[in-house]
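Asks: only geometry, no sequence info:
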């Protein structure tokens, strides 16, 4: 190996990845980013590790990184995208290392592809880093769960392979055993990290077993002393799910309930077609879509299902036949199916197809494409092989760069989805919400109407349309839509919350408190419901219970300035002015432009006879809001009292 080969490969991989994702650093938050980042109060408390664990144990590390981003970047997307890209580049480098390690295993040392290991590894990593299907796991911030899990997965496997390679070396030096042990321990640590990043990494122990079978098996036997500890890690995720009572698992239960009664058999039948679609997208990455319109299959004898099943069975049979002569090709195929099996088997998920699920399976495709091209052409003409693969990489890079333009904001993303899935009600609904966020209520209502026409049972469309009607002051239509959303989904916490807000504005406080209580019963961690119920209870005169609700809202979200402010009002009403002042201080600490907090703090100073401090507070309120008539009147009263005091 020439000295310049390794740094050249690293530079090429990093440079290409940076170029194709260079236009993503200001792409907005999307889709589930709203749930897990922008509206997720858990990540606002960086040092409270226990909160991430309670929220979602199996993705503890994912949320820890999001909290790290929030700590340093707030809601500025730049830092989040830099982090996602760094994960992607490291993963690509690990693909390069994995390929090199594999071609140096006992089973591959005499293979005709091995002399060109550097070239094959570099090309495989370039395919991985440039493929347009990776955009959903890289540019879509929340899906760092997929890319980071893959990074740990690859790191664990690479360190394991290196450890096993050292076990074949006769220890000429005293340190060789220590080095082997170090790699093995590192591999084990990365395996555990992977399993607390995303659940699909549960296949890692099986991948280690597959790798042992393909590349380290000696005389038809596998050395169990290296493998057995890894096989035990397969229980980490199931036991975590079983023994933890996490907030997010309650959401998962509701999520599974919302699959509409998809049976494991129906899901499996549908996944035959989905996997064929995945393969088509790998080979021909056009018509990518954040929300593919895929219908549920119900019988094996539907011709698309049967044809897909036979095709996939043929691919697996081909992997078996290839094993003897083309072991790397066989392993690549099996990698694809094994890493995909958690999300594309018998475990029903609401979303039948998502492109980010191919991030880890892409490793198998990259190895297959490059090694397959080599076996087909490279042995006779290595230059032609390299040119063909570089052309594929170049085309994919252009497609990736273009695809990333679609991710620039919510409207461009969902407009693209609607064009490709015009009959998918969710895509139309989400485009409507993008219009709503831009203040284009007319177009938003048009999309919601269209979504309801496509799917009259889509509760989200009714909820969002109700919110839009409410913003327009059309309260009768709003309440009708909230009622409809609840009729469709009686466990829709947000619908009860929104209807509760409506009843507060209408003065029907009993019904408001009832709806908000129902929202809390469904989702005990719903900050908005506690806060809004506090408003309703305060208006009812039930100050003690309102204080309890505001405190709960603050416990769930310590940065909730509105909750601190209203808690201060309740304390002031109870004449607990020290407590009220403390809460108004906290309100201003969180939001220095909270004019009402300055005004009420000024009132307390005035009541204590400290008119100079009171006037300073009123001046702050007026500076923030020049039309604040109450603050102006309070300042005038203080001025009068000061004149009297001077006389």
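Replies: Great, that's in hand. Here the structure is a predicted model, which means the values were calculated and not measured. Numbers count the residues shown, from 1 in each chain.

Asks: Going along the chain, name the helices of the stretch 51-200 of the chain.
Replies: Under the criterion DSSP state H, counting those that start in this stretch, the stretch 51-200 of the chain carries helices at the ranges 60-73, 77-102, 117-130, 135-138, 144-167, 176-195.

Asks: Let me know the angle separating the first one from helix 176-195.
Replies: Which is helix 60-73. If you take axes from the mean of the first three to the mean of the last three C-alpha atoms, to 10 degrees, helix 60-73 sits at 80 degrees to helix 176-195.

Asks: same check, this time on the third one
Replies: What separates the directions of helix 117-130 and helix 176-195 is an angle of 20 degrees, with the same axes, to 10 degrees.

Asks: Start the count at 714 instead of 1 going forward.
Replies: Done: numbering now begins at 714, and the last item shifts to helix 830-843.

Asks: Tell me which other helices or strands helix 830-843 touches.
Replies: In terms of contacts (3 or more C-beta pairs under 8 Å, 6 or more residues apart in numbering; DSSP states H and E), helix 830-843 is packed against helix 718-733, helix 790-815, helix 1074-1086, helix 1095-1119. To be clear about C-beta, it is placed using only N, CA and C from the backbone, and glycine gets the same treatment.

Asks: That one vs helix 718-733, what angle?
Replies: 20 degrees.

Asks: Now do helix 830-843, average pLDDT.
Replies: Average pLDDT, helix 830-843: 96.

Asks: what's in contact with stretch 1249-1269?
Replies: 754, 1213, 1216-1217, 1222-1223, 1225-1226, 1229, 1238, 1240, 1243-1244, 1246-1248, 1273, 1276-1277, 1279-1280, 1282-1284, 1286-1287 (C-beta atoms under 8 Å, 6 or more residues apart in numbering).

Asks: make it 7 Å
Replies: Outside of stretch 1249-1269, the residues within contact range by C-beta atoms under 7 Å, 6 or more residues apart in numbering are 754, 1213, 1217, 1222, 1225-1226, 1229, 1238, 1240, 1243-1244, 1246-1247, 1273, 1276-1277, 1279-1280, 1283, 1286-1287.

Asks: Show me the shaky parts of this structure.
Replies: Along the chain, the parts satisfying pLDDT under 70 run over 714-719, 881-890, 931-937, 958-973, 1092, 1354-1360.

Asks: Can you tell me which residue sits nearest the middle of it?
Replies: For the chain, residue 855 is the residue whose C-alpha lies nearest the centre (C-alpha atoms, centre = their mean; 2.4 Å).

Asks: how near is that residue to residue 1260?
Replies: 35 Å (C-beta to C-beta, to the nearest Å).

Asks: cool, residue 1073 as well?
Replies: Distance from residue 1073 to residue 1260, by C-beta to C-beta: 49 Å.

Asks: Among the two, which residue is more densely surrounded?
Replies: Higher neighbour count among residue 1073 and residue 1260: residue 1073, with 29 against 21, using other C-beta atoms under 10 Å.

Asks: Quick one: residues contacting that one.
Replies: Going by C-beta under 7 Å, 6+ apart, residue 1073 touches 863, 866, 913, 1052.

Asks: give the contact list for the third one.
Replies: For residue 913, the contacting residues are 862, 1055, 1056, 1073, taking C-beta under 7 Å, 6+ apart as the criterion.

Asks: Nearest to residue 1014, out of those residues: which one, please.
Replies: When the contacts of residue 913 are compared for distance to residue 1014 (C-beta to C-beta), residue 1056 wins out at 24.8 Å.

Asks: tell me the contacts of the closest one?
Replies: Residue 1056 touches 913, 1062, 1070, counting by C-beta under 7 Å, 6+ apart.
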